[in-house]
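In: for reference, the sequence and a predicted model appear below.
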Amino acid sequence: MLFRNTDLLNDFERLTKGLNLGPEFDRTVDDLSTKFTSTFAGAPNLDVVRSDDRFALFIDLPGVDPKSVDVTVDGRTLAVSATREFEIAEGHEHVHAGRRHGAFNRSFKLADDLDVDGMSAKSEHGVLIVTIPVIAAPQPRKIQVDVDVNNDVVND
């Protein structure tokens, strides 16, 4: 199950509420909270969908040039990075910044039953779709037992 980063911070604040752990602790928590929120605040929204034979990651990348998207696999780690450019024309002033721009990176640990060699990625209408096939689990099968009528035993 996915969770929102703010839920984690709110849970932590509820746990520490009423505890007088000192100003140094409070400053440390505030610093961590700011770093945590700023690190993940710009991460794009994503959905993960599983079917019988594959996983699909749907990552929202509106306004991102598909040519700037980089999808790599290193061992069992999938990494996605991209850049959303934003330029202000000369003579214009940026009055409010409500949209995230710049570079982002996101990585995912992949399970052993995923076929990293069979992965594919495509961009459709501002959504990056990464498809990862699932390796079929070995199915039980019956092994024929041969009967040796001569009772010969082979020693290895």
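Out: Perfect, thanks for sending it.

In: all helices for the protein, in order.
Out: With DSSP state H as the criterion, the chain has helices at 5-16, 23-41.

In: how many other residues sit next to Val147?
Out: If you count neighbours by other CB atoms under 10 Å, Val147 ends up with 5. From N, CA and C alone the C-beta is placed, and that goes for glycine too.

In: what's the neighbour count on Pro66?
Out: Neighbours of Pro66 (other CB under 10 Å): 13.

In: what are the boundaries of the strands in the protein?
Out: In the chain, the strands defined using DSSP state E lie at 46-50, 54-60, 70-74, 77-84, 102-109, 120-124, 127-133.

In: I'd like those strands laid out as a markdown table, including mean pLDDT and distance to Val149.
Out: Converted to a markdown table, the strands of the chain look like this (pLDDT from 0 to 100; distance: least, CB to CB, whole Å):
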| stretch | mean pLDDT | distance to Val149 |
| --- | --- | --- |
| strand 46-50 | 92 | 51 |
| strand 54-60 | 93 | 49 |
| strand 70-74 | 95 | 54 |
| strand 77-84 | 91 | 56 |
| strand 102-109 | 88 | 54 |
| strand 120-124 | 96 | 54 |
| strand 127-133 | 96 | 47 |
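
In: how about these, which one is nearest Ile143?
Out: Closest of the strands of the chain to Ile143 is strand 127-133, at 28.2 Å (criterion: CB to CB).

In: what residues of that closest one count as buried?
Out: Residues Val127, Leu128, Val130, Ile132, Pro133 are the ones in strand 127-133 that count as buried (16 or more other CB atoms under 10 Å).

In: what comes into contact with stretch 104-113?
Out: 42-44, 46, 57, 59, 73, 76-84, 116, 132, 134-135, 137 (CB atoms under 8 Å, 6 or more residues apart in numbering).

In: give me the buried subset of the residues you listed.
Out: Pro44, Leu46, Leu57, Ile59, Val73, Leu78, Val80, Ala82, Arg84, Ile132, Val134.

In: OK, contacts around the nearest residue in space to Asp65 that is not next to it in sequence?
Out: Nearest residue to Asp65 in three dimensions, chain neighbours excluded: Glu85, at 7.1 Å (CB to CB, 6 or more residues apart in numbering). Taking CB under 8 Å, 6+ apart as the criterion, Glu85 is in contact with Asp65, Ser68, His101.

In: distance to His94 added to the strands of the chain, as CSV?
Out: Converted to CSV, the strands of the chain look like this (distance: least, CB to CB, whole Å):
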stretch, distance to His94
strand 46-50, 28
strand 54-60, 23
strand 70-74, 27
strand 77-84, 15
strand 102-109, 13
strand 120-124, 27
strand 127-133, 27
